[in-house]
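# Got a predicted structure plus its sequence, pasted below:
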Amino acid sequence: MMNKPEKLVLVGNGMAGVRTIEHVLKLAPGAYDMTVFGAEPHPNYNRIMLSKVLAGGTDMKDIIINDRDWYAENGIRLFTGDAVASIDTVHRKVVSASGVVSDYDKLIIATGSNPFMLPLPGVRKEGVIGFRDIHDCEMMIEASKKYKKAAVIGGGLLGLEAARGLLNLGMDVTVVHLNKYLMERQLDPPASEMLQRELEAQGMSFLLEKQTAAITGKRRADGLEFSDGSRLQADLIVMAVGILPNVELAKSAGLQVNRGIVVNDFLETSVPGIYAVGECAEHRGIAYGLVAPLYEQGAVLAKHLAGVETSGYAGSVTSTKLKVSGVDVFSAGMFNDAPDTRSLRYQDDIEGVYKKIVMKGERMIGAVLFGDTSDGTSLFSLIKSGESVTGREKELLLGYPAGQTSASPLARLEAYSVDEIICGCNGVTKGRIMEAIADGCSTVGKIKACTKASGSCGGCRPEVEGLLSIYGGEGAGEPVKEGICGCTTMDRDEIIEKIKEMHLVSVKEVMNVLGWNEPEGCSKCRPALNYYLGMLWPSEYKDEKESRFTNERFHANIQKDGTYSVVPRVYGGVTSPADLKRIAAVAEKYDVPMVKFTGGQRLDLLGVKKEDLPKIWEELDMPSGHAYGKALRTVKTCVGSTFCRFGTQDSIGMGIQMEKAFERLNTPAKVKLAVSGCPRNCAEATIKDLGVVAIDGGWEIYVGGNGGVKVRESELLCTVKTEEDVMEWTGAYLQYYRETANWNERTSVWIERIDLDEVKAALESREERLALVSRIEETLSYTTDPWKEIIDNPELRKNFMPLAEAGTGEGLGARRS
Ligand SMILES: Cc1cc2nc3c(=O)[nH]c(=O)nc-3n(C[C@H](O)[C@H](O)[C@H](O)COP(=O)(O)OP(=O)(O)OC[C@H]3O[C@@H](n4cnc5c(N)ncnc54)[C@H](O)[C@@H]3O)c2cc1C
Ligand SMILES: NC(=O)c1ccc[n+]([C@@H]2O[C@H](COP(=O)([O-])OP(=O)(O)OC[C@H]3O[C@@H](n4cnc5c(N)ncnc54)[C@H](O)[C@@H]3O)[C@@H](O)[C@H]2O)c1
Ligand code: SF4
Ligand code: FES
């Protein structure tokens, strides 16, 4: 195109600016003679990965995007550690702090942002820091070696990622937040509360609705003082209360500046020949703080500079994911309710999943996901497209039922346009990934090396794997395997085989030895490994509470208002006046707002405060009903032959026997049983994981039923004669399920996957059945009642105390459960 190269100067060697010149190099090679100035002493690096560096497991050298050779190979003059001090817009030149003068024909300002440091007394003391660059990250790592207590001011994305990193570095961390809800700019209150609970369980402490008034200490900070007069001790204070676009240079050069440097749709500033891109730019009144929109800006600016036609940048809808391992949070678009919007919500407190989509007319305009963010990309795509989703709201909220291929995640990926951004962190489109696959990239690793997709937060890895399986076809050199989660490419069977072969005995050891790409794992693999290890090594494995969901850690179901529910075990649904009196007395004494019968014939005490749980368990003096766990829940019974005139067998006695035998059993997913005294089936045994129906002279055993979201009628496994036979088949069946199902796979899904005939074949021989029964009995012999364990152990009881009693010093000590 152009003959003599024009001089292009980039001020700011960060993510948006360098991405722009990468595009220019591709679109118009040789068109520009380029010079880059960076205030930091490093080549261009991935700032978002600093959170991962702080959290451990990622090395500083791994976050370099373009090393110094790249600049040299592309003929770019690079000045690092040398900030541009002034711009002469008349003579078109910039002058750096060290005195380097550089002429330009075109100038890009990409100076990013500065952390907003609250103007508090004491803010300049040693030990007070923002979190923006490699230097800050190194300072925090150093501080953690000498000091113990950290305070992070600001419970937004950055503050929480910083706090998680500091916890990993062994510090006690308190997050001080102005608002009542964490991440209030990204989450609605229910999601925010679930997030807080999960982070508390990880060991983070919170002070909400707290206004910091001063930073105390002499030369070095030693704590915070709040506007209500209270104090917090801390040796390291990280300020994460937002960012301010870095506009000083532009302002002093006379460019129009509001909050950011004002640009039009082609990223042109008020001065001809000067452009601004990235966090420092303000487009249509918005200065963005996430890479995806900044990369979109960069792509437009590059086209403009390369003389390639573009309709300009029209602004972005944004989405965010929190990069804290073990917590899946996604937010996009307008997620708050408004008078002209309509919201649909789904909440599963047992699995710790919350989903919300916000509709305006026929369009979806926002979404919040907690616990399961797998639909994030497709929901975001629909939000951005603005297409009508009328009639599909429910399936968008709930995701698509397994096996429904027309709307499977793969089908959705296939339906995306080639311009759809798959990897937000690196701005990689579906089309780019398809190109890489067509060029021979046959593994996720190769696609990462070639396109950078999945190389940053890792959140897009499932989509990259999906695209590989769709477009890799026969040509893909290495087979595409479904890892149990994004942290590994190994599937369940491979992991179990390795655990057995190498005798791995802890979650951490499995992750280390089997090369997890996330050192801390995630909310999918940690509980799964915890289950597999417990199933494989019943005598030696010690359950890792931190790998379990909140409900299982507190042995009670958390409710939407943060209270808990208590469901004592009532074998076979049969209670006694004495038990009922105790339940009533406890309910009165602790002001339990509601006592309710469950669908499984139990009594549920709802609205219990966490600190009351151990006292209530003690006073009830009844075993845990495990209503919160992936475990045997209930054995529902009908009245049977004891009282019913149709009854052919004693269904109550059978049910009680089964419940007493298998209570406390850990299973891949919850398990519900039922026993009916005749084929009228009043206990609804044919929609249970295992249901027993009495017939003349014997019993029928049905398996794989479900009465939940996707109703499935159970199938006949066998017909047996005696109660002993029922016990043997039930034990063998439950153990076979425990040994072969994926973690979190209900029997109804498992049986469709492996087929009933396989189950029948596996249980056909008496010898095999007895071997399975002996393994389940061994497992059961090591189980204890969790409520009793806590009642008898003062250390465990402390986890249930309110913060002020459980903590240290000013009542804010970190609580690790
Ligand atoms: C810890 C952390 C985690 C993050 N995680 C995410 C995430 O998960 N997802 C996401 O989308 N976003 C994330 N962000 C935000 C994201 O990193 C920024 O949006 C992005 O880096 C902004 O790019 P930029 O090029 O505008 O600014 P920067 O990347 O900040 O680059 C600006 C550069 O300009 C330099 N500079 C400033 N003034 C001058 C001058 N006068 N002369 C020369 N150089 C100068 C600065 O030193 C800096 O190196 C995170 C940010 C941080 C700090
Ligand atoms: N995963 C990600 O996408 C990610 C991660 C880190 C950073 N970032 C980006 O980096 C930038 C900086 O992040 P951030 O979290 O600092 O900004 P933010 O503006 O998103 O959040 C700042 C938080 O601090 C709180 N706050 C404000 N004043 C306070 C005070 N006086 N005391 C206590 N709390 C106070 C606010 O209520 C707010 O929730 C943002 O643009 C963010 O999007 C993104
Ligand atoms: S299932 Fe049969 S035995 Fe049981 S209550 Fe109903 S009618 Fe009676
Ligand atoms: S979305 Fe973060 S690496 Fe792709």
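Perfect, thanks for sending it. Ligands and ions are numbered 1, 2, ... in the order given.
# can you list the residues of this structure near ligand 4?
Neighbours of ligand 4 within the chain, by CB under 6 Å from any ligand atom: 423, 424, 425, 426, 453, 454, 455, 456, 457, 458, 459, 460. Placement of C-beta: from N, CA and C, glycine included.
# Now intersect the residues you listed with the strands, please.
If you go by DSSP state E, the residues of the chain next to ligand 4 have residue 423 in strands.
# Give me the nearest residue to the closest residue to ligand 2 within the stretch 101-250 of the chain, chain neighbours excluded.
Scanning the stretch 101-250 of the chain for proximity to ligand 2 using CB to the nearest ligand atom identifies residue 156 as nearest, at 2.3 Å. Take residue 156 and drop its neighbours on the chain: the residue closest to it by CB to CB, 6 or more residues apart in numbering is residue 183, 5.9 Å away.
# Residue 154 is in contact with that neighbour, correct?
No. With contact defined as CB atoms under 8 Å, residue 183 and residue 154 do not form a contacting pair (10.1 Å).
# Neighbour count for the two, which is higher?
With neighbours defined as other CB atoms under 10 Å, residue 183 and residue 154 compare such that residue 154 has more, 26 against 23.
# which parts of stretch 22-37 are buried?
Within stretch 22-37, the residues scored as buried using 16 or more other CB atoms under 10 Å are 22-25, 27-28, 31-37.
# any idea which helix or strand carries residue 731?
helix 723-740 (DSSP states H and E).
# I'd guessed residue 455 sits against residue 448; true?
Yes. At 4.6 Å, residue 455 and residue 448 qualify as touching, with contact defined as CB under 8 Å.
# Could you check which of these two has the larger neighbour count?
Using other CB under 10 Å as the criterion, residue 455 and residue 448 rank with residue 455 on top: 24 against 21.
# List the contacts of that one.
Taking CB atoms under 8 Å, 6 or more residues apart in numbering as the contact definition, residue 455 lies against 46, 423, 425, 426, 448.
# and the last one, how far is that from residue 425?
Looking back up the chat, that one is residue 448. Distance, residue 448 to residue 425, using CB to CB, to the nearest Å: 11 Å.
# re the thing from before, wait, doesn't the residue of the stretch 101-250 of the chain closest to ligand 2 sit right on residue 179?
No. Taking contacts as CB under 8 Å, residue 156 lies outside contact range of residue 179: 9.2 Å.
# So for those two, which sits in the more crowded spot?
More neighbours surround residue 156 than the other of residue 156 and residue 179, with 24 against 15 (other CB under 10 Å).
# Now do the same contact list for that one.
So residue 156 contacts 182, 183, 185, 186, 240, 241, 242 (CB under 8 Å, 6+ apart).
# Which one of those residues is nearest to residue 564?
For those, the closest approach to residue 564 (CB to CB) belongs to residue 182, at 20.5 Å.
# Can you give me the separation between that closest one and residue 240?
Relative to residue 240, and taking CB to CB, residue 182 is found at 12 Å.
# cool, and residue 99?
Here the criterion is CB to CB. By it, residue 99 lies 35 Å from residue 240.
# Quick one: residues contacting the closest residue to residue 575 other than its chain neighbours.
The spatial neighbour of residue 575 that comes closest, neighbours along the chain excluded (CB to CB, 6+ apart), is residue 603 at 7.5 Å. Applying CB under 8 Å, 6+ apart to residue 603 gives the contacts 567, 568, 570, 575, 583, 595, 596, 597.
# likewise residue 274?
87, 89, 106, 107, 108, 109, 253, 255, 268.
# Please apply the same query to residue 619.
582, 585, 586, 589.
# give me phi/psi at the nearest residue to residue 561 once chain neighbours are set aside?
Residue nearest to residue 561 in three dimensions, not counting chain neighbours: residue 607, with 7.5 Å by CB to CB, 6+ apart. When read as degrees, to the nearest 10, the backbone of residue 607 gives phi 90, psi 30.
# coming back round to it: for the residue nearest to residue 156, what is the enclosing helix or strand?
Going by DSSP H and E, residue 183 is not in any helix or strand.
# For it, give its distance to residue 161.
Distance from residue 183 to residue 161, by CB to CB: 11 Å.
# likewise residue 8?
34 Å.
# Over to residue 113?
16 Å.
# check contacts around the closest residue to ligand 3 within the stretch 1-150 of the chain.
Closest approach between the stretch 1-150 of the chain and ligand 3, counting by CB to the nearest ligand atom: residue 55, at 55.6 Å. Residues in contact with residue 55 (CB under 8 Å, 6+ apart) are 161, 164, 165, 168, 324, 325, 519, 520.
# Just give the nearest non-adjacent residue to the second one, would you?
Take residue 164 and drop its neighbours on the chain: the residue closest to it by CB to CB, 6+ apart is residue 324, 4.5 Å away.
# That neighbour touches residue 158, doesn't it?
No. With contacts counted by CB under 8 Å, residue 324 stays clear of residue 158, the gap being 11.4 Å.
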